[in-house]
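>>> What shape does this take:
(chains A, B, C and D)
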There are 4 protein chains.
Amino acid sequence: MDLTELESQARDKLGQGVYDYIAGGSDDEVTLDDNVAAWGRIRLRPRILRDVATVDTSTTLLGTPLGAPLAIAPSAFHQLLDPEGEAATARGAAAAEALMVLSSRCSIPPAQVAAAAPGSPRWFQVYVWGDRQVTADLVTEAAESGYSALVLTADTPVLGNRRRDERNAFKPGRAVMADRLDGPGRANALESYLSPKQDPSVTFDDIGWLHELTGLPVVVKGVLRGDDAVRSVEAGAAAVMVSNHGGRQLDGAVATADALREVVDAVGDRTEVYVDGGIRSGTAMVKALAMGARACMVARPVAWGLAVGGADGVTSVLSSLRADLVLAMRLAGAANLAECSPDLLAG
Amino acid sequence: MDLTELESQARDKLGQGVYDYIAGGSDDEVTLDDNVAAWGRIRLRPRILRDVATVDTSTTLLGTPLGAPLAIAPSAFHQLLDPEGEAATARGAAAAEALMVLSSRCSIPPAQVAAAAPGSPRWFQVYVWGDRQVTADLVTEAAESGYSALVLTADTPVLGNRRRDERNAFKPGRAVMADRLDGPGRANALESYLSPKQDPSVTFDDIGWLHELTGLPVVVKGVLRGDDAVRSVEAGAAAVMVSNHGGRQLDGAVATADALREVVDAVGDRTEVYVDGGIRSGTAMVKALAMGARACMVARPVAWGLAVGGADGVTSVLSSLRADLVLAMRLAGAANLAECSPDLLAG
Amino acid sequence: MDLTELESQARDKLGQGVYDYIAGGSDDEVTLDDNVAAWGRIRLRPRILRDVATVDTSTTLLGTPLGAPLAIAPSAFHQLLDPEGEAATARGAAAAEALMVLSSRCSIPPAQVAAAAPGSPRWFQVYVWGDRQVTADLVTEAAESGYSALVLTADTPVLGNRRRDERNAFKPGRAVMADRLDGPGRANALESYLSPKQDPSVTFDDIGWLHELTGLPVVVKGVLRGDDAVRSVEAGAAAVMVSNHGGRQLDGAVATADALREVVDAVGDRTEVYVDGGIRSGTAMVKALAMGARACMVARPVAWGLAVGGADGVTSVLSSLRADLVLAMRLAGAANLAECSPDLLAG
Amino acid sequence: MDLTELESQARDKLGQGVYDYIAGGSDDEVTLDDNVAAWGRIRLRPRILRDVATVDTSTTLLGTPLGAPLAIAPSAFHQLLDPEGEAATARGAAAAEALMVLSSRCSIPPAQVAAAAPGSPRWFQVYVWGDRQVTADLVTEAAESGYSALVLTADTPVLGNRRRDERNAFKPGRAVMADRLDGPGRANALESYLSPKQDPSVTFDDIGWLHELTGLPVVVKGVLRGDDAVRSVEAGAAAVMVSNHGGRQLDGAVATADALREVVDAVGDRTEVYVDGGIRSGTAMVKALAMGARACMVARPVAWGLAVGGADGVTSVLSSLRADLVLAMRLAGAANLAECSPDLLAG
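Predicted coordinates:
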């Protein structure tokens, strides 16, 4: 699947405002671009003459078995992309047997998303708002709806400066969350969900707070440094996710491909490490796995698939990436994920 | 604020000659371009999960308290940009609570600039002309008008070769200094001020001479080497400023972002180090601070603000940069300037 | 000879589908482009004042004497380029006194190619298909037709993803192998030859199998790592060829110029090392030889020559490259291949 | 002086064939471009607060006093550029007080060039042709005409492949040497001069031969390696010149800026080292001097000056470069050539 062509189709369908809201990054978009470029800079050292008749990409994330080390990274307001919103995304993910991480800023209630794909693995992304009860209510609801891990976004004490949205005067409004209005106390919480203002005083201590609220394992997302990865683990994180929020927060932050090794080296075998940011191909996934990532997550390609083809579009993107991973592993001489080892990386 | 857009508006308003006089650099403009590019090459390692609810950017420069480590670097002839010249700049700086360094080649007398923003912090930039009395008179006048430090421009024994000005046949004339004609002996001094010919025999000894003339601390501006920074300090400088004159003097000189660390390492805690050149964003400021700069200075963005919006335009640029610094610090996990430490820098 | 101009002529003559089939690489064509760029990044340290009146480029490959260390790398279906297919290529190679490696996917039977240039050195490239008997029959036929070595393509357990062919809906059909239909059992084998599906379970053990089938020396093609080169030699390979299949298999694989030294260092004097990928000039050949390659192979330039000028076009390309090598050696101060030593390489 | 603008004027005046003959390089022109780019990659560390009221650029080359370390590198057939040919160049050089190195392939006889600027310093460039007597006669004539050193071009056993000349079908003919027809035996020698075929068997031994023929010091031009510099000196060279023939011989050869340090380090104080190739500014000259070059030579800028303005054009280019050197030294804080020391170089 040609993801560039898919993105182009999505752009035509969505219009500039929504397209830019999803495609854009912060400030000069240095990190946005570098995320993709950094994977491209890495060279592979493929092995030859290995038996790759059968390729096994199966793995587990926090104990959840998955057919491939690939998941949907959280992103906001899927009703901007499809009338069914995250329900469609969830059905598409289920058909591709992929894990979906639902955003706190989903267009439809987490329970409704869960109901759309009841048997599928799902995690829930968490922002901590100034009114902590809003967050507590939300994660409790998520836990009750079968989300099996919380993904704490740790790189967003405040929102980065998105010039495209300024230029387009684009601001996702109440409409994209209309379906979340009908619960008790929801009208108030909605203001929190819609507001770009999270609580800027969230610290490592809140990892424990989230865990205690729900008993769910907590993944810390947004880690770009070894020391922060270690602190996350020490504070109770079950896993860390190397991410710079798709280049949407601190512009000039290191590309995830360039931060991954430091994080893996720092945490060793103590915890699982995931990565997102600029991953658009099976070869990028092989590179990430070879650097020690346990799984890769993607958001924008899934958004383009959803916009162009609804649930089927989501499935198509995920299946295509998974097939592309299998092909890249075969061509690299790796028959399973353990064989995606550091010696595949040049230089 | 989109500084590129602001510059474009300024260009339309000013016309090519004046625009190029300010925007241009020397020779092939290698250093002009590299100043901006060098900040862009640096990658940041943001911290997560720090309490950045409150961000404190306050500091002191040579004992003068400032709300943020941001000042206006000296530039000549502000009446090219606004009829009120440096008086408007000073009012704009005052409203933004920023330090202004007034150029020796100001369009209106230093005292008049001081009167426009009486309570604000102000320093005075010094060229040493062949007729030293001209310089002596000027700095004495500045001292009497409440300028609290002298900034000796040390990289301009002669003027660099500005091809744009040659091409445009642009030469700022007497008009841009008309307001400085009315003091005793001023008509003669004016020739010095307007002349691009400084005294090419100025040495480190003149730091002491300037200090003795006025009792004011002397900042040496134009330092790009550790050894010169040390010699400046040993000769009595109270601070040094890493600068290549905005890429307008020796073309091919090292970018300030690339020279800063060497200078900081050489002087250690003995003196304050400032930096200018290519700083256009909060993230560049965080990078400079993390490398050990005590403050950043900007000239061209202020000029575009002055051209487009007068004093208000100046305020707007400075306030925007300050807000951008606060945002970048938050996203980098730094709640105060001490936390803008070297570990924020990758590689 | 201006190879860029020749390629442009070939493109005009062949049309987009065939042109892209030959010119294209896999995925984003990163490795395709990097193959050429990597030779260009290397700088030479030419020697002066050497007697280069006579330059001797003669060598042997696996004992076969050659006038120059230059051979035709295998490529498929030459009837796409010329009605006479590989017979024309073989005649062109013979006239240039160059070794030709015939592809398993030749348009006309190996014996017929041999008959077109009976006295010329020729090797046979091998794919291993799922039905091993097909391969066994084929290499036996090749051995009987005087092909003196087998070149096992080791980087193609499955085919890489060629976007250009997808976009063009290009698939070489039965027509390009029509001349191979008339042997016993050929109709069935043809399905294998045409299929892009090789056996993905080929391993180092198959080197011995191929050797035993024919008694011919086996060259392993597609080596990009020192350890794989050593394993190839230990498994009985007579030589290894550094190749990434012209950027058509694993995209992001290291450029051959960047992999060559590692392979040469690993095998030392135990075996001959050849290289292909992006070699378009005498200076690239000098670089390859200086890094320790015993010979260079080219495919696409030969294809363009065949398309534009038939057998004469092939001769012309090969003769031109050979003359270009002699010129580059003279200008580098190397009178023979031994003097193409590592000290010619900068950095 | 804007050399880019001058070149553009020359191009308009000369037409494509002659322009390309001078501007072009060999093959892909990698080295041609890299010569200029390599100086541009180097960054300077200017000194401040030095007394640069007086800047002394005087030096000696092989004992000949010069006002500045700048000379005209040899280039062929100046009657392509100006009807008076090298006589005009010589007069222009004399007016600028610069050393001129006359090419063996001059359009008018060496004695006539000497007569055009009798008091000026001049050296003579030597090709060794197959008929050594032709060379012997030529250098003897040069010695008798007051040329005080021989510059042996050592990088041209054969001519590089100049694609532009091929494309333009450009070949300088007898006309550009018509004035050299009238000496005894000249008609025969002319064939040698015009032929691009030098003797490819010239070696280090010929340095001594040239010296014995004339008693003149021999400069070896075309050195790009430390070991060759040492061998030149050991074979009797009085100086070496780092050059890659303006990117016209081995394409991919290291840029002169990148080879200079190795050569300087290898010969130490034993001999003078000059450099040409891509030097277009005072800052490039300061970089070369800081790396240890005793002088810089330029050819193409002089050609453009000659084409556009005759002798005056030559003077203008040389004077402009000299003034540019003085300016760059002032801005770098170097009052004389000894102060153009390695500490001016960054990195």
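
>>> mind listing what's buried in stretch A:129-149?
Applying a neighbour-count criterion of 16 or more other Cβ atoms under 10 Å in any protein chain shown, one finds A:129, A:134-135, A:137-139, A:141-143, A:145-149 buried in stretch A:129-149. C-betas here are computed from N, CA, C, even on glycine.

>>> Next, format those as TSV and append secondary structure and distance to chain B.
Compiled in TSV, these are given as follows (DSSP: H, G, I helix; E, B strand; the rest coil; distance: Cβ to the nearest Cβ, whole Å):
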residue	secondary structure	distance to chain B
A:Trp129	coil	13
A:Val134	helix	17
A:Thr135	helix	15
A:Asp137	helix	22
A:Leu138	helix	19
A:Val139	helix	17
A:Glu141	helix	24
A:Ala142	helix	20
A:Ala143	helix	22
A:Ser145	coil	26
A:Gly146	coil	27
A:Tyr147	coil	21
A:Ser148	coil	23
A:Ala149	coil	18
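
>>> At the contact with chain C, which residues of the stretch 201-347 of chain A appear?
Counting by Cβ under 8 Å from any Cβ of the partner chain, the positions of the stretch 201-347 of chain A adjacent to chain C are A:Ser281, A:Thr283, A:Lys287, A:Asp324, A:Leu327, A:Ala328, A:Arg330, A:Leu331, A:Ala332, A:Gly333, A:Asp343, A:Ala346.

>>> And those residues, which of them are buried?
Of all those considered here, the ones buried according to neighbour count by 16+ other Cβ under 10 Å are A:Ser281, A:Thr283, A:Lys287, A:Asp324, A:Leu327, A:Ala328, A:Arg330, A:Leu331, A:Ala332, A:Gly333, A:Ala346.

>>> Would you confirm that the third one contacts A:Arg43?
By that I understand A:Lys287. No - counting by Cβ atoms under 8 Å, A:Lys287 stays clear of A:Arg43, with 9.1 Å between them.

>>> which residues do these two both contact?
A:Leu345, C:Gly252 (Cβ atoms under 8 Å, 6 or more residues apart in numbering or on different chains).

>>> For the stretch 201-347 of chain A, which residue gets nearest to chain C?
Nearest residue of the stretch 201-347 of chain A to chain C, counting by Cβ to the nearest Cβ: A:Leu331, 3.8 Å away.

>>> For that residue, what is the enclosing helix or strand?
helix A:300-332 (DSSP states H and E).

>>> what residue of chain A is the furthest out?
A:Leu49 (34.9 Å; Cα atoms, centre = their mean).

>>> residues of stretch A:25-37 that come out buried?
For stretch A:25-37, the neighbour count (16+ other Cβ under 10 Å) marks A:Gly25, A:Ser26, A:Asp27, A:Asp28, A:Glu29, A:Val30, A:Thr31, A:Leu32, A:Asp34, A:Asn35, A:Val36 as buried.

>>> nope, stretch A:78-89 is what I meant
Residues A:His78, A:Gln79, A:Leu80, A:Leu81, A:Asp82, A:Glu84, A:Gly85, A:Glu86, A:Ala87, A:Ala88, A:Thr89 are the ones in stretch A:78-89 that count as buried (16+ other Cβ under 10 Å).

>>> so which of those residues comes closest to D:Lys171?
A:Leu81 (65.5 Å; Cβ to Cβ).

>>> The closest one is in contact with A:Tyr21, isn't it?
No - the criterion here is Cβ under 8 Å, and A:Leu81 misses it with A:Tyr21 at 10.2 Å.

>>> hang on, the earlier thing: with distance to A:Leu306 added, can I get the buried residues of stretch A:129-149 in JSON lines?
Shown next, in JSON lines, are the buried residues of stretch A:129-149 (distance: Cβ to Cβ, whole Å):
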{"residue": "A:Trp129", "distance to A:Leu306": "26"}
{"residue": "A:Val134", "distance to A:Leu306": "27"}
{"residue": "A:Thr135", "distance to A:Leu306": "26"}
{"residue": "A:Asp137", "distance to A:Leu306": "27"}
{"residue": "A:Leu138", "distance to A:Leu306": "23"}
{"residue": "A:Val139", "distance to A:Leu306": "25"}
{"residue": "A:Glu141", "distance to A:Leu306": "23"}
{"residue": "A:Ala142", "distance to A:Leu306": "21"}
{"residue": "A:Ala143", "distance to A:Leu306": "25"}
{"residue": "A:Ser145", "distance to A:Leu306": "21"}
{"residue": "A:Gly146", "distance to A:Leu306": "22"}
{"residue": "A:Tyr147", "distance to A:Leu306": "20"}
{"residue": "A:Ser148", "distance to A:Leu306": "23"}
{"residue": "A:Ala149", "distance to A:Leu306": "22"}
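
>>> Any regions of chain A where pLDDT drops low?
For chain A, the stretches flagged by pLDDT under 70 are A:181-190, A:196-197.

>>> at 80 instead, please
For chain A, the stretches with pLDDT under 80 are A:1, A:173-175, A:178-198.

>>> and it, which residues reach chain B?
Chain A comes close to chain B at residues A:27-28, A:30, A:34, A:154-155, A:157-158, A:160-161, A:163, A:166, A:199-204, A:206-207, A:220, A:222-225, A:227-228, A:231-232, A:244, A:249-255, A:258-259, as judged by Cβ under 8 Å from any Cβ.

>>> Among those residues, name the ones in strands.
Taking DSSP state E as the definition of strands, the residues of chain A next to chain B contribute A:Val220, A:Gly222, A:Val223.

>>> Distance of the last one relative to chain D?
Right, the one you point to is A:Val223. Per Cβ to the nearest Cβ, to the nearest Å, A:Val223 is found 33 Å from chain D.

>>> Now that residue: closest residue in space that isn't a chain neighbour?
Leaving aside its chain neighbours, A:Val223 sits nearest to A:Val240 (4.5 Å; criterion: Cβ to Cβ, 6 or more residues apart in numbering or on different chains).

>>> Just read off the phi/psi values of the one you found.
Backbone torsions for A:Val240, taken as degrees, to the nearest 10, come to phi -130, psi 150.

>>> one step back: does anything pack onto the helix holding A:Leu331? Which helices or strands?
Here helix A:300-332 touches helix A:3-14, helix A:16-23, strand A:70-72, helix A:86-95, helix A:282-290, going by 3 or more Cβ pairs under 8 Å, 6 or more residues apart in numbering or on different chains; DSSP states H and E.
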